[in-house]
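Novice: output the structure for:
(one chain, ligands or ions: 1)
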Amino acid sequence: MSRSLSEWRAPVLMAGESPRYSYPVTSTDSSGALVRAEIDVAALQANAALLAERLAPARLKCVVKANAYGHGIDIVAPALFAAGWRDFCVATISEALRLRELLGDEVTITAWLYGPTTDLDAAVAAGIELGVSTVDSLDRLRDAAHRTNTTARLHLKVDTGLGRNGLAPADWKRALEKLRSLDAGLESDEADASAVAPGLEIVGIMSHYAVADEPERVETAQQTHVFDSAHRELTAVLDEAQGRLGESDRLEVHIANSPAALTLSPFPGTSARVGLSLYGLSPLDDQSAQDLGLVPVMRLVSQIVNLKDIPSGHGASYGLTFTAAADTRFALVPGGYGDGIARSASNRAEVSIRGTRYPVVGRIAMDQMIVEVGAGEVAIGDEVVIFGPDGPSAAEWGTWADTINYEVVTRISERVDRVEVDGSTEAQRDSFLEAGGTVSR
Ligand SMILES: Cc1ncc(COP(=O)(O)O)c(C=O)c1O
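Specialist: Below you'll find the model as predicted:
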């Protein structure tokens, strides 16, 4: 059932009654989780459509690693699938296998992070496409393919300057030589059926940018240049092998992440691996999500569970790092670092209650935080928006916690209930526009 955000948060008790609740008590409350992350699937689908339109003719690969950046893979992946998206990326093999279970065989799943002893057989057998960042893994993947009697579909990953995963220049040359020698082995041993089956198909070449979120920096163009020449070299090897190791003109070419997808023109590659912006968050310092036409997908909410008068001079929370300067009121709000809310935002963060911002005072604890509401019109049971639509942004929490919006959403822990909300996109878009936000397409 689709329901608008205003319905979701409609008061259920009349004025004068106490306590007041600012959203209906529904069956979703019965689990007892006090903090919940509302996941707006309509916003997610709208963001995906917007990004795909922007990227075309390049294709959108939806990055859903780390529990869909904390949003909940069980909600996010089926919602993207329902909207027609079929290309997914994760980091690890266990994430990839989980996704295969969730979405079945119709989707392409790419994973790129595994270790020297990771069992690759299950991934290869499940048709997971794997990034290759070491020469050794070419051998291991070929062995896994032979053991599981299938073909390993691989994306060679080039380190074009990030210095993280990917084949460094010398290893890149060795990987190409290994491919050439594999192919030569096949040609010389055509009578042997097992040798004729290469076990490998190179389906892609990939890399990752280091500073695409800082459009003025020259390193992005330098990385693209290195990537382009690696692509040419791989094309030559595949063409020499005449299709036995994969078709050069069908190679998937991908280096762009969210910031690159939003800023680079001409666009490098045939597809982009997009994570953060799918979730309606901006990877760019000088453009907000609203500026980019994106709608935040996660809204982290709690409620006031205690409210008390506090005399001037009273302290707040562990360490008593805050002292009330005057008589005031403290609201107790469930939500702390056990829920993934950063303790480093103590005494800096704000939350929103009935549309008004209030400061978080004292240290954020494992399970709860104190909000100074003073003389504000609030009551026990009121909804507290920690971040997301109608509250502070994840980017603001990033600033308060000395981190980035990526981490703010991704670290939201298992204790928090993820609740699917649908049909709110239009309402949210309208409220952004009313608040002075711009939507550009
Ligand atoms: C290899 C790789 N590709 C793509 C992405 C997606 O990046 P973004 O969330 O900026 O779109 C990530 C995210 O960290 C990544 O590690």
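Novice: drop to CA atoms for contacts and neighbour counts, all remaining ones
Specialist: OK.
Novice: is it true that Ala281 touches Gly293?
Specialist: Actually, residue 281 is Leu rather than Ala. No - contact criterion CA atoms under 8 Å: Leu281 and Gly293 do not qualify, at 9.9 Å.
Novice: tell me the SS of Thr220?
Specialist: Here Thr220 is recorded as helix under DSSP: H, G, I helix; E, B strand; the rest coil.
Novice: pretty sure it is touching His208, no?
Specialist: No - with contact defined as CA under 8 Å, Thr220 does not count as touching His208 (9.8 Å).
Novice: neighbour count: those two, which is higher?
Specialist: His208 (26 against 22; other CA atoms under 10 Å).
Novice: any idea how far the more buried one lies from Leu281?
Specialist: Distance of His208 to Leu281, given as CA to CA, to the nearest Å: 19 Å.
Novice: any idea which helix or strand carries whatever residue of the stretch 301-441 of the chain ends up closest to the ligand?
Specialist: Residue of the stretch 301-441 of the chain nearest the ligand, by CA to the nearest ligand atom: Tyr406 (7.3 Å). Assessed by DSSP states H and E, Tyr406 sits inside helix 405-410.
Novice: any idea how far that helix is from the chain center?
Specialist: For helix 405-410, the separation from the chain centroid amounts to 8 Å (computed by CA atoms, centre = their mean, to the nearest Å).
Novice: so what touches the following helix or strand past that helix?
Specialist: Sequence order places strand 417-421 as the next helix or strand after helix 405-410, per DSSP H and E. By CA atoms under 8 Å, 6 or more residues apart in numbering, the surrounding residues in contact with strand 417-421 are 2-3, 28, 33, 35-42, 71-72, 75.
Novice: now with 6 Å?
Specialist: With CA atoms under 6 Å, 6 or more residues apart in numbering as the test, strand 417-421 has contacts from Arg36, Ala37, Glu38, Ile39, Asp40.
Novice: so which of those are in strands?
Specialist: Among the contacts of strand 417-421, the ones falling in strands (DSSP state E) are Arg36, Ala37, Glu38, Ile39, Asp40.
Novice: the helix holding Tyr406 packs against which elements?
Specialist: helix 394-400 (3 or more CA pairs under 6 Å, 6 or more residues apart in numbering; DSSP states H and E).
Novice: how deep is Tyr318 tucked in, by neighbour count?
Specialist: Neighbours around Tyr318, by other CA under 10 Å: 11.
Novice: give me the phi and psi angles of it.
Specialist: Per-residue torsions, Tyr318: phi -50, psi 140 (degrees, to the nearest 10).
Novice: how close does it get to Gly335?
Specialist: Separation of Tyr318 from Gly335 (CA to CA): 15 Å.
Novice: same question for Ser288.
Specialist: Relative to Gly335, Ser288 is positioned 26 Å away (CA to CA).
Novice: ok, Leu182 next?
Specialist: As defined by CA to CA, Leu182 lies at a distance of 56 Å from Gly335.
Novice: and what of Ala33?
Specialist: For Ala33, the distance to Gly335 - CA to CA - is 10 Å.
Novice: so which of those two has more stuff around it?
Specialist: Neighbours per residue, other CA under 10 Å: of Ala33 and Gly335, the larger number sits with Gly335, 27 against 14.
Novice: so which bits of the stretch 101-250 of the chain are right by the ligand?
Specialist: Counting by CA under 6 Å from any ligand atom, the residues of the stretch 101-250 of the chain close to the ligand are His208.
Novice: in contact with the residue of the stretch 101-250 of the chain found nearest the ligand, which residues?
Specialist: At 5.6 Å from the ligand, His208 is the closest residue in the stretch 101-250 of the chain, using CA to the nearest ligand atom. Shown in contact with His208 (CA under 6 Å, 6+ apart): Ile255.
Novice: does it count as helix, strand or coil?
Specialist: His208 - assigned by three-state DSSP - is coil.
Novice: now do Gly115
Specialist: When classified by three-state DSSP, Gly115 comes out as coil.
Novice: domain assignment for the protein?
Specialist: The chain breaks down into these domains under automatic domain parsing: 5-39+295-434, 41-279.
Novice: what does the model give the spatially closest residue to Ala342 that is not a sequence neighbour for pLDDT?
Specialist: Leaving aside its chain neighbours, Ala342 sits nearest to Ala401 (6.1 Å; criterion: CA to CA, 6 or more residues apart in numbering). The confidence metric pLDDT takes the value 98 at Ala401.
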